[in-house]
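Asker: Any chance you can model this:
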Amino acid sequence: MVEVGVFQGNLSKHIWQRSAARPGAFELHLVDHWGAPYVPLATRKESLGTGSNMAGQSNNSALQRLWHHFGAKGARRFEVPHWLGEKRACGETTRAAASSADLFVHRSASIAPARH
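Answerer: Numbers count the residues shown, from 1 in each chain. The predicted structure is shown next:
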């Protein structure tokens, strides 16, 4: 399943809870730019001031909460490296899926993830 325009992931969290009870039976792709698509999640040290203040959260804090929520629920998470370019991102996604990843975070506009 793919959700485009995730932000806080309310729909994705609900679907995951209902559908991912069996590991490997469900694959979820979350697509949103969360303010800084070309900065890997692991290197983001502060809120990037993207202008989003939906529900009092920045894009950065919403993404961090989402990442930790799914990890706590047992998701095998993978951040698709769109910052490496489309071809490499597709290759990395294929390898991650083959290694049992089941939650893919696409920090990008919807066009690049749709291509692969």
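Asker: Quick check: residue 78 touching residue 94?
Answerer: No: using Cβ atoms under 8 Å, residue 78 is not in contact with residue 94; the gap is 10.9 Å. C-beta here means a position set from N, CA and C on the backbone, and glycine is covered the same way.
Asker: can you map out the helices along this structure?
Answerer: Ranges of helices in the chain, per DSSP state H, are 10-19, 59-72, 86-98, 111-115.
Asker: Output those as a markdown table; include the columns distance to residue 25.
Answerer: Converted to a markdown table, those look like this (distance: least, Cβ to Cβ, whole Å):
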| stretch | distance to residue 25 |
| --- | --- |
| helix 10-19 | 8 |
| helix 59-72 | 16 |
| helix 86-98 | 13 |
| helix 111-115 | 22 |
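Asker: quick one, which of those is nearest to residue 3?
Answerer: Residue 3 lies closest to helix 10-19 among those, at 5.0 Å (Cβ to Cβ).
Asker: Keeping just the C-alphas, turn that closest one into CSV.
Answerer: The C-alpha coordinates for helix 10-19 follow below in CSV (Å, rounded to 0.1, in the frame of the first residue of the first chain):
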residue,chain,number,x,y,z
ASN,A,10,-2.7,8.8,11.1
LEU,A,11,-4.1,6.7,8.3
SER,A,12,-0.9,4.7,7.9
LYS,A,13,-0.8,3.9,11.6
HIS,A,14,-4.4,2.6,11.5
ILE,A,15,-3.8,0.5,8.4
TRP,A,16,-0.6,-0.9,9.8
GLN,A,17,-2.2,-1.9,13.0
ARG,A,18,-5.0,-3.8,11.1
SER,A,19,-2.8,-5.3,8.3
